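Trainee: predicted model and sequence follow; I will ask about them next.
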Amino acid sequence: MAFQISIFETLPLELLEIIFQYLRESPYSLSSLTLACRTFYVLGTPTLYSSVRLTNPASSAKLQRTFYENSWLASLGRELQVHFHDSQAGQTHEPLLGAIVEMQNLESLIMCRVPLRG
């Protein structure tokens, strides 16, 4: 059986890095792309974890666990954005602090209170 190489895997690394930077604004697309092959994982993971945005309390706990279990991922984090409603604030403190502690290269922490839509 012949092994087929994707046309994307033949692109120069510099071009792939530009594509990953462009997808930074779409974390779900970038995450999906990193799952496509090992090359995309290696190239896309630093971009994926360089800026993390949390929008619910469950995300804080998952991020804390991920960073605790994979300190190299935590080391990639430069920016952390936290967007929660007032009613969620009490549910996030402990796991959020745990995630922040793991991010040894954190340069920017943005915390925003988002009003409930009514």
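Mentor: Cool, the structure landed. Here the structure is a predicted model, which means the values were calculated and not measured. Residues are numbered from 1 along each chain as shown.
Trainee: contacts and neighbour counts: CA atoms only from here.
Mentor: OK.
Trainee: which stretches in this protein count as strands?
Mentor: All strands of the chain, identified by DSSP state E, fall at 51-54, 79-84, 108-113.
Trainee: which one of these lies nearest to residue 62?
Mentor: strand 51-54 (10.1 Å; C-alpha to C-alpha).
Trainee: so which elements touch the closest one?
Mentor: Identification of packing neighbours for strand 51-54 by 3 or more C-alpha pairs under 8 Å, 6 or more residues apart in numbering; DSSP states H and E yields strand 79-84.
Trainee: distance-wise, check residue 96 relative to residue 56.
Mentor: Separation of residue 96 from residue 56 (C-alpha to C-alpha, to the nearest Å) stands at 11 Å.
Trainee: which of the two has more neighbours?
Mentor: Between residue 96 and residue 56, residue 96 has the larger neighbour count (other C-alpha atoms under 10 Å), namely 20 against 16.
Trainee: for that one, what are its contacts?
Mentor: Applying C-alpha atoms under 8 Å, 6 or more residues apart in numbering to residue 96 gives the contacts 60, 61, 64.
Trainee: for residue 44, same thing?
Mentor: Per C-alpha under 8 Å, 6+ apart, neighbours of residue 44: 17, 20, 30, 31, 33, 34.
Trainee: what about the fifth one, how many residues close to it?
Mentor: So that's residue 33. Neighbour number of residue 33 under other C-alpha under 10 Å is 16.
Trainee: could you do the fourth one as well?
Mentor: Around residue 31 sit 20 other residues, with neighbours defined as other C-alpha under 10 Å.
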